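Student: Sequence unavailable; structure follows:
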């Protein structure tokens, strides 16, 4: 059976096992993408992991994506691999940033840090996570830096204060205006400055 046929069979099996869970499906580049209802995520993941034919037992990645113009702006994306069947499957679900997504840590312990990362960088909440706290940013960090509306400068800057003998947080200061770039390479945009010895090469060319 070709990969396309196997992936189509897998999608049909998911729809039959968890009715009304799959909202859309897409097959491209030899991979299947299923968009599922938020509340159905654990049930679908358990089916993929435990099915004797598919055995998608490896969670490769779990990440977030931000689409501010969507009604539910955040996507949570899961990537699974089956060594047994040599297949990859991608699951997606959406949330508005307030409604939590069910955690899959009980099914895949490796999801622990992945879900913390999605929370830290996007602010996505995971219901049932055993220890949902920041993992990449510092304690007291404001906001979620991979959201599209997060300012490039951040909100605070950090420096070591010699008088206080500790790290201090201060509002961001921009001592100069943002530069305007002409998108030229350093060679195209730079004025040529003659270097010592160039006059010899010029004389040889003229002769």
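Tutor: Yep, it's here. Because the structure is predicted, anything quoted here is derived from the model rather than measured.
Student: so where is the chain shaky, pLDDT-wise?
Tutor: For the chain, residues meeting the criterion pLDDT under 70 lie at 1-2, 175-207.
Student: Just give the nearest non-adjacent residue to residue 46, would you?
Tutor: Leaving aside its sequence neighbours, residue 46 sits nearest to residue 107 (Cβ to Cβ, 6 or more residues apart in numbering; 5.7 Å). Just so you know, the C-beta spots here come from the backbone N, C-alpha and C atoms, and that holds for glycine as well.
Student: Could you check which helix or strand contains residue 76?
Tutor: Following DSSP states H and E, one finds residue 76 within strand 74-82.
Student: what's downstream of that strand, the next helix or strand?
Tutor: strand 87-95.
Student: contacts for the helix or strand containing residue 14?
Tutor: Element membership of residue 14, judged by DSSP H and E, is helix 3-17. With contact meaning Cβ atoms under 8 Å, 6 or more residues apart in numbering, helix 3-17 is reached by 1, 21-22, 25, 27, 30-32, 34, 44, 47-48, 51, 53-54, 85, 87, 89.
Student: So which residues of this structure form strands?
Tutor: Ranges of strands in the chain, per DSSP state E, are 22-28, 31-36, 58-66, 74-82, 87-95, 101-102, 126-127, 156-161, 166-171.
Student: which one of those lies closest to residue 139?
Tutor: strand 166-171 (10.2 Å; Cβ to Cβ).
Student: rewinding a little: tabulate the strands of the chain in TSV, adding columns for distance to residue 113.
Tutor: Below are the strands of the chain laid out as TSV (distance: least, Cβ to Cβ, whole Å):
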stretch	distance to residue 113
strand 22-28	27
strand 31-36	22
strand 58-66	9
strand 74-82	14
strand 87-95	18
strand 101-102	16
strand 126-127	12
strand 156-161	24
strand 166-171	25
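Student: Out of those strands, which gets nearest to residue 117?
Tutor: strand 58-66 (7.5 Å).
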